[in-house]
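K.L.:
next come a sequence and a model predicted from it.
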Amino acid sequence: MMSKQYNIVWFCTDQQRWDTIHSLGNPYINTPNLDRLVEEGVAFTRAYTQSPICTPSRACFMTGRFPRSTKAIFNGNDKFSKDEKLISKLFQEQGYVCGLTGKLHLTSAEGKVENRVDDGYTYFAYSHHPHNDWPNDGNQYQVWLREHGVKWEEIYGGKFTSMATWPPVANPGFSGKQVGVPPQYHQTTFCVEKAIEFMKQNEGHPWYININPFDPHPPLDPPQAYKDKLKVEDMPLPKYREGEMDKKPPHQQKDLLQGGQDGQAEIYGELTEYEKREHFRDYYAEIELIDDQFGRLMQYLEESGQRDNTIVIFMSDHGEMNGDHGLYWKGAYFYEGLVHVPLIISCPSIFKKGLRSDALVGLVDVAPTLLEAIGEEVPYYMQGKSFLKILTGEADPHHFRDAVYAEYYHTLKGTHENINATMYFDGRYKLVCYHGETYGELYDLSTDPDEFENLWNDPAYKELKAELIMKSYNNAVLSNMDDSMHRLYSF
């Protein structure tokens, strides 16, 4: 048990792949501030989301419960279950002042501020995404721009001026190349500036802050200054092998031809090699901006004398295909680019420094870990497990879970609505079951780390597939064992 006086910074980006941090193996990107966090904390190199889509993932890690148990299995839900308790509320009940900047996305934010539950936040600088979509100052980022004497429509050079509906509203002044607002007016900058404002207001009290910028979520529209830092010709190409889709599920074969996310994203075959590299340039440019603003946040913690007393988490809700396997954006895919996410946790006074753990962990495990770190008992209804002892060096950093698990249940409106699927990954073999269908996916990541060769129908893997299907079934049932009704009596 530890002191309850540790502050909490929970920095969660949107749609950031695991392989986007320089010191963890990406030579194409510059992330000095995240590199420093890796040196000062514990980097989990095999962390996985429990859903490749925003709302179910966020519902999961904010409750410590799997998406199916929270009932928040898709984007666009009108309300969040009143029976679920967010970790922010639990922290408030323990005397913490709780704040949020950026997005929350536990319910639909289509053209409005999402419906909230009793979430524990007394500071709420809400901005689901930067576009000026909401009436009555619902997007606090747009209010912040006006306070700086800036109009969004005059400084934004992206393809769309509104994303409140699909298809989005086209920008009549679009030049043909995505370019966002200047860095000082960026939504990520807003999120960090408001977080620092919150910290200043609450010095002397234990506080908890969720920082949730929209980037690097598409549209890829970094400031021109950040584009200029990277050369397109130096960028990598997506992981794609000609003919690989012949053995892949039907929706992936279709998306290769019509565009990812069920035809909403770019068509891989229509892009030039330069354009494919350009996608990575713009994606990495957005992350470099995130890194700079994250560094600004860390500098404030150090200068205010709060760094040693603050638990800092950096992660993302899920990844981005970015052209891998000929697919862009997200959907009913369980490739590494989409389900494998960054997760770095640091608190210099209590956690190990410079530790890289290759244990399998899930985002469902973050909430129970934080509660145990402040000396609180993990609630009986949480389905995640605390990995605190890895952070403190008391447990093997190479093993935590035997397998990780993810879900997709008709999760995006207009995208793969007929698909219900689960993923089971034991660190070597990845199995994806499409429920109600005869097709599936099976990869051996020890020999095929890029997941080109689907072994589902390979006779040599028939017995192994049957064994993994049984393990996956058992894992899905047991992971979602819901004790929230709290049995107290014998009858």
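P.N.:
Great, that's in hand.

K.L.:
how many neighbours does R281 have?
P.N.:
23 (other CB atoms under 10 Å). (Glycine included, C-beta is placed from N, CA and C.)

K.L.:
check which helix or strand it maps to.
P.N.:
helix 273-303 (DSSP states H and E).

K.L.:
helices or strands next to that helix in the packing?
P.N.:
When contacts are defined as 3 or more CB pairs under 8 Å, 6 or more residues apart in numbering; DSSP states H and E, helix 273-303 packs onto strand 7-13, helix 32-40, helix 187-201, helix 224-227, strand 310-316.

K.L.:
one more pass at 6 Å, please.
P.N.:
Where contact means 3 or more CB pairs under 6 Å, 6 or more residues apart in numbering; DSSP states H and E, helix 273-303 is packed against helix 32-40, helix 187-201, helix 224-227.

K.L.:
and among those, the most buried is which?
P.N.:
helix 187-201 (a mean of 21; mean count of other CB atoms under 10 Å).

K.L.:
which strands or helices does it pack on?
P.N.:
strand 97-102, helix 140-147, strand 207-212, helix 273-303.

K.L.:
the longest one: which residues count as buried?
P.N.:
Along helix 273-303, these residues count as buried under the neighbour rule (16 or more other CB atoms under 10 Å): 276-295, 297-298, 300-301.

K.L.:
just stretch 110-123 next, same as before
P.N.:
Applying 16+ other CB under 10 Å to stretch 110-123 flags 110, 113-114, 116-117, 119-121, 123 as buried.

K.L.:
repeat that for stretch 370-390.
P.N.:
In stretch 370-390, counting by 16+ other CB under 10 Å, buried: 370-374, 376, 378-379, 381-388, 390.

K.L.:
per-residue confidence averaged over it?
P.N.:
Mean per-residue pLDDT for stretch 370-390: 97.

K.L.:
that stretch spans what distance, first to last residue?
P.N.:
One end of stretch 370-390 sits 13 Å from the other (CA to CA, to the nearest Å).

K.L.:
other residues contacting that stretch?
P.N.:
Residues from elsewhere that reach stretch 370-390 (CB atoms under 6 Å, 6 or more residues apart in numbering): 1-2, 4, 6, 64-66, 357, 361, 364-365, 368-369, 395, 397, 400, 483-484.

K.L.:
can you check stretch 180-197 too?
P.N.:
101-102, 125, 127, 130, 141, 144, 150, 155-156, 209, 211, 213-215, 221-223, 289-290, 293, 296-297, 300.

K.L.:
show the buried residues in these.
P.N.:
In these, the ones that pass as buried (16+ other CB under 10 Å) are 101-102, 125, 127, 130, 141, 144, 156, 209, 211, 213-215, 221-223, 289-290, 293, 297, 300.

K.L.:
one step back: buried ones from the contacts of stretch 370-390, can you make that a ChimeraX selection?
P.N.:
A single ChimeraX command is used to select the members of the contacts of stretch 370-390 judged buried by 16+ other CB under 10 Å:
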select :2,6,64,65,66,357,361,364,365,368,369,397,400,484
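
K.L.:
among the contacts of stretch 370-390, which lie within helices?
P.N.:
Members of the contacts of stretch 370-390 lying in helices (criterion: DSSP state H): 368-369.

K.L.:
the bottom helix or strand of the protein by mean pLDDT?
P.N.:
strand 160-162 (a mean of 83; mean pLDDT, DSSP states H and E).

K.L.:
show the pLDDT at the spatially most central residue of the chain.
P.N.:
Residue closest to the average C-alpha location in the chain (CA atoms, centre = their mean): D317, at 1.5 Å. We have a pLDDT of 98 for D317.

K.L.:
any idea how far S175 is from the closest residue to it other than its chain neighbours?
P.N.:
Among residues not flanking D317 along the chain, S57 sits closest, at 4.3 Å (CB to CB, 6 or more residues apart in numbering). Counting by CB to CB, to the nearest Å, the gap between S57 and S175 amounts to 34 Å.

K.L.:
higher neighbour count, these two?
P.N.:
Legend: neighbour count by other CB under 10 Å for S57 and S175, higher for S57 (28 against 10).

K.L.:
element containing the more buried one?
P.N.:
Going by DSSP H and E, S57 is in helix 54-63.

K.L.:
and the next helix or strand past that helix?
P.N.:
Counting by DSSP H and E, what follows helix 54-63 is helix 67-70.

K.L.:
can you tell me what sits against that following helix?
P.N.:
50-51, 56, 59-60, 63, 73, 84, 407, 480, 482.

K.L.:
adding pLDDT and distance to E39, write these out as TSV.
P.N.:
Formatted as TSV, the contacts of helix 67-70 follow (pLDDT from 0 to 100; distance: CB to CB, whole Å):
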residue	pLDDT	distance to E39
Q50	98	28
S51	98	31
P56	98	33
A59	98	32
C60	98	29
T63	98	31
I73	97	38
E84	96	36
E407	97	34
N480	94	37
D482	93	40
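
K.L.:
which members of the residues you listed are the farthest-apart pair?
P.N.:
Farthest-apart pair in the contacts of helix 67-70 is S51 and D482; separation 17.0 Å (CB to CB).

K.L.:
show me which of the two is the more surrounded one.
P.N.:
More crowded of S51 and D482, by other CB under 10 Å: S51, with 30 against 12.

K.L.:
and that one, how far from T422?
P.N.:
S51 is 10 Å from T422, by CB to CB.

K.L.:
what residues do these two have in common as contacts?
P.N.:
Going by CB under 6 Å, 6+ apart, residues that sit against S51 and also against T422 are E407.

K.L.:
ramachandran angles for Y96?
P.N.:
Phi and psi for Y96, reported as degrees, to the nearest 10, are phi -80, psi 150.

K.L.:
and it, how far is that from Y123?
P.N.:
Taking CB to CB, one finds Y96 at 12 Å from Y123.

K.L.:
again, but for L388
P.N.:
L388 sits 27 Å away from Y123, taking CB to CB as the criterion.

K.L.:
now P67
P.N.:
In this view, P67 and Y123 are 27 Å apart by CB to CB.

K.L.:
figure out the helix or strand that Y380 lives in.
P.N.:
Here Y380 is assigned to no helix or strand, by DSSP H and E.

K.L.:
if I look at it, how far off is P368?
P.N.:
11 Å.

K.L.:
same question for G354.
P.N.:
For G354, the distance to P368 - CB to CB - is 24 Å.

K.L.:
residues shared between the contacts of Y380 and P368?
P.N.:
Between them, Y380 and P368 share no contacting residue, judged by CB under 6 Å, 6+ apart.

K.L.:
got the contact list for P449?
P.N.:
No contacts exist for P449 under CB under 6 Å, 6+ apart.

K.L.:
F214 and E288: what is the separation?
P.N.:
16 Å.

K.L.:
now I344
P.N.:
Taking CB to CB, one finds I344 at 16 Å from E288.

K.L.:
what does L86 give?
P.N.:
On the measure of CB to CB, L86 and E288 end up 31 Å apart.
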